[in-house]
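Student: Pasting the sequence and the predicted model now:
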Amino acid sequence: AQSVTQPDIHITVSEGASLELRCNYSYGATPYLFWYVQSPGQGLQLLLKYFSGDTLVQGIKGFEAEFKRSQSSFNLRKPSVHWSDAAEYFCAVGDRGFQKLVFGTGTRLLVSP
Amino acid sequence: NAGVTQTPKFRVLKTGQSMTLLCAQDMNHEYMYWYRQDPGMGLRLIHYSVGEGTTAKGEVPDGYNVSRLKKQNFLLGLESAAPSQTSVYFCASSYLTGTTHNEQFFGPGTRLTVL
């Protein structure tokens, strides 16, 4: 069965600084990988996804993520964080059968002035 | 195009009461899902459906039932609510492009409190 680990529960970043959120997955084959963002009181919005091909994927709001098969990782990055990026971020892995998603426990991003 | 909608947005129940959460999507998606979100635990899959008239158990199905009588609707029922079912419930839908699955689209959530 697939699983996802997000080792950082909270991260605080200064506005304008770079960001990297970690995600490690466990899956027997090449997975579908996703990053979702959740603002307080809201549903989840897709930031980006990896299905196949280029291992560096671009998403919305200036985010990108890199799939590293050798490290079973799919870390999310942004070169310059904005105050509006403060939210909770979830990494998820999907099986290629019925596309059930398994989510990590989330990383809450705080942005300091 | 409303996407995925959920009714109600908030609900308070007493232990033992029953209720149904409604999820509707207007994107003609085949797949629909119910998750619960609890602090520090991310989202966990309760039940899902791969098409009209079909449902299957997810990771945490106990205490819940579902029905998918129409393609656009996916109902989640609690027959006898328990305080452990206090949570935020999210519905999602997704679709296939050929044989490739696509991302899931989420509703805004239902916050349920069981006293």
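Tutor: Nice, I can see it.

Student: Chain B: strands as residue ranges?
Tutor: Ranges of strands in chain B, per DSSP state E, are B:4-7, B:10-13, B:19-25, B:31-37, B:43-51, B:54-57, B:65-67, B:73-78, B:87-94, B:96-97, B:100-101, B:105-106, B:110-114.

Student: rank the ones you listed by pLDDT, which is bottom?
Tutor: Between the strands of chain B, the lowest average pLDDT goes to strand B:100-101, which shows a mean of 76.

Student: partners of that one, with directions?
Tutor: Paired with strand B:100-101 in the same sheet, following DSSP bridges, are strand B:96-97 (antiparallel).

Student: to the chain's geometric centre, what's the distance from the strand it pairs with?
Tutor: 21 Å (Cα atoms, centre = their mean, to the nearest Å).

Student: dump the residue contacts of the residue located most distally from the centre of chain B.
Tutor: For chain B, the largest distance from the centre (Cα atoms, centre = their mean) belongs to residue B:98, which lies 25.1 Å off. Shown in contact with residue B:98 (Cβ atoms under 8 Å, 6 or more residues apart in numbering or on different chains): no residues. Placement of C-beta: from N, CA and C, glycine included.

Student: so what pLDDT did it get?
Tutor: 78.

Student: From residue B:31, how far out is it?
Tutor: Going from residue B:98 to residue B:31 by Cβ to Cβ, to the nearest Å gives 15 Å.

Student: How about residue B:84?
Tutor: Applying Cβ to Cβ, one obtains 27 Å for the distance of residue B:84 from residue B:31.

Student: pLDDT below threshold where in chain A?
Tutor: Low-confidence segments of chain A (pLDDT under 70): A:98.
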